[in-house]
Structures are given as structure tokens and as C-alpha cells.
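Colleague: Can you look at this prediction? I've put the sequence above it.
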Amino acid sequence: MKKYLSFIKIEHTLFSLPMIYSGVFLASKERPTTLLLILVLIAAVGARLVAMTLNRIIDRSIDRHNPRTINRELPSGKMNLKESYGVLILGLALYLISAKLISDFCFYLSPIPLIVFVIYPYLKRFTPLAHFGVGMGLAMGPLGGFFAVTGSIDRFGEALLLPLFNLFWATGFDIIYSTLDEEFDKKAGLFSFPSRFGKIRALQISGLLHILAFVVLVALVLISLKALIAVPFLLLSGFLLWLEQHKAEDVELAFFKINIIVGFSILIMILVSI
């Protein structure tokens, strides 16, 4: 069990889950049912399993040559390919069944995130814009949460700000994370902002993306929430984004710990405002 938990990095769901539920509560005009909240949780876990497993399978030959990733389950031989496909099938089943139980509308849209999950791992072989693939993947979360409540595209305009924030935020923190592999990516001919533009310029781009993320968050408060009580959490989120940039050298702190707090800060901001 330990190797499976390590393989899927289930703790990384803490990045996406608060934003998915932010989408749910932003769309809700009344308290969502417990059943819906559980189905959304199962769909989120399933999607997480699929995305991470695809990434690990597609990148296993690259991971085998990277000193930072050589001890991962597939390149190290702790897990074989057959086992990883088993995890992939389990994740797909959880995701698709829960999407179907939420609504036919969500089920029909469910292949869209899967397409992003398949394409993203290949992007770094061709373009430094691969970081936006991570942003796109995580941006699907709050949009899916919103659609889980509405079951239609009737309020599509209201749903756009949260995914747009996620796109800028996640792309920015993926650039920070990729600084760990700057030298390896250069040697392996992989594309990333640090390998293409250098670490300093890459972090400047990451900072610009987080400024854009905060601007979108301000727009969310002004346009959708319209609640004074949201302001302290807005300011806290802005401070955390600044802190993430300020502590970018400490990737463990910037990428994992601060981002988790950012996600929950935004979820609480929405909960107290609606």
C-alpha cells in the first residue's frame, strides 16, 4: 500500500480539492447535498489518480535518467508497468462513474480533462509552454465543481474566473517546481522555462503569472462575491502568493506547503462570502 500511496502522491490532491469545492460552492445558491459533495470528492480523487499515473507512465524513461526522480516507483522497479495500469484503470473507473452519477452533462464533458492529462506530459518534449499544461489541468477542477452543481452551461460566464486564477497560479508554481530540474532538462533536451530562459528569468515569469492570478482573484471578489468579509482572505491569498515567490528557493515550502494554504484560503473566502 505504501508504494501505491507514494506512486500517486495522493497528498497533492490538497492543491486541487479546495479549488474544486470552491467551484461547487460558488455555483450553489443553496447548500449542496452531502451526496453531491461525496461524488465530487470521488471524481477528484479519480481524476488525480489518472493524471498522476499517466504522467508517471509517459515519463518513466525520462525519470530513469534524472537523479531527482530515479527512485520513483517505475524507474526504480518498485512497481511494474502492469501495476501502474491497474492504478490507471481504477482512477478512470472512479472518475467516470462518479461523473455519470453527478449528471449526464458532467459525464459528457468528462473526456475533456482526460485529453489534457494525456497531452500535458508530452508538451515538455516540444515547448517550454508545457507549464501551461499543468495550469490547464488544474483549471479543469473548479470548472468541474461548478458544472457539478449547475448541470449546464447556462451560467458559464460566472464560472470562468476561478479556472482562470487556477491557470495562472498553477502555471506559476509549476515553473518554480521545474527549477529543480534546470540542469537535467538542459542536458536531456527538455523544454521548460528554467532550461530555456534560465532560472532568474523563469522565476520572473512565474512572479508575473502570480500577479495576474491575484488580479483575477480581485475580479472574483468584486464581480462574483461582492462581500466585504472576503477582503481579509483576498489579502491573505495575495500575501501567500508573494511569499511563494519570496521563498521560491525553498521549493518544498513554496510548492507544497504554501500552495495548500492558498487553496484553503480561497475556499474559506468563498464559503464566508456566499
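Modeller: It's in.
Colleague: Please name the nearest non-neighbouring residue to Y122.
Modeller: I58 (6.7 Å; CB to CB, 6 or more residues apart in numbering). (Each C-beta comes from the backbone N, C-alpha and C, glycine too.)
Colleague: Settle this for me: that neighbour is touching P121, isn't it.
Modeller: Yes - I58 lies in contact with P121 (CB atoms under 8 Å); the separation is 4.0 Å.
Colleague: Touching both of the two, which residues are there?
Modeller: Listed as contacting both I58 and P121 by CB atoms under 8 Å, 6 or more residues apart in numbering is no residue at all.
Colleague: residues near the residue nearest to Y122, how many?
Modeller: 16 (other CB atoms under 10 Å).
Colleague: How about K247?
Modeller: Around K247 there are 16 residues (other CB under 10 Å).
Colleague: Then I89?
Modeller: By other CB under 10 Å, 13 other residues sit near I89.
Colleague: Please give me every residue in contact with it.
Modeller: With contacts taken as CB under 8 Å, 6+ apart, I89 has no neighbouring residues.
Colleague: Okay, buried residues for the helix or strand harbouring it please.
Modeller: Assigning secondary structure by DSSP states H and E places I89 in helix 81-102. Across helix 81-102, burial judged by 16 or more other CB atoms under 10 Å covers 84, 87-88, 90-92, 94-96, 98-99, 102.
Colleague: From the residues you listed, pick the one nearest D181.
Modeller: Using CB to CB, S84 is the member of the buried residues of helix 81-102 that lies nearest D181, at 21.5 Å.
Colleague: I'd like the distance between the closest one and Y4.
Modeller: 10 Å (CB to CB, to the nearest Å).
Colleague: again with F147
Modeller: 30 Å.
Colleague: these two touch, right, A230 and I274?
Modeller: No - between A230 and I274 there is no contact under CB under 8 Å: 9.6 Å.
Colleague: what about the two, which has more around it?
Modeller: A230 (23 against 16).
Colleague: dump the residue contacts of that one.
Modeller: By CB under 8 Å, 6+ apart, the neighbours of A230 are 221, 269-270, 272-273.
Colleague: Now the two most distant members of those.
Modeller: V221 and V272 (11.7 Å).
Colleague: out of those two, which sits in the busier spot?
Modeller: V221 (20 against 13).
Colleague: Excluding covalently adjacent residues, which one is nearest to that one?
Modeller: Nearest to V221 is A230, by CB to CB, 6+ apart, at 4.8 Å.
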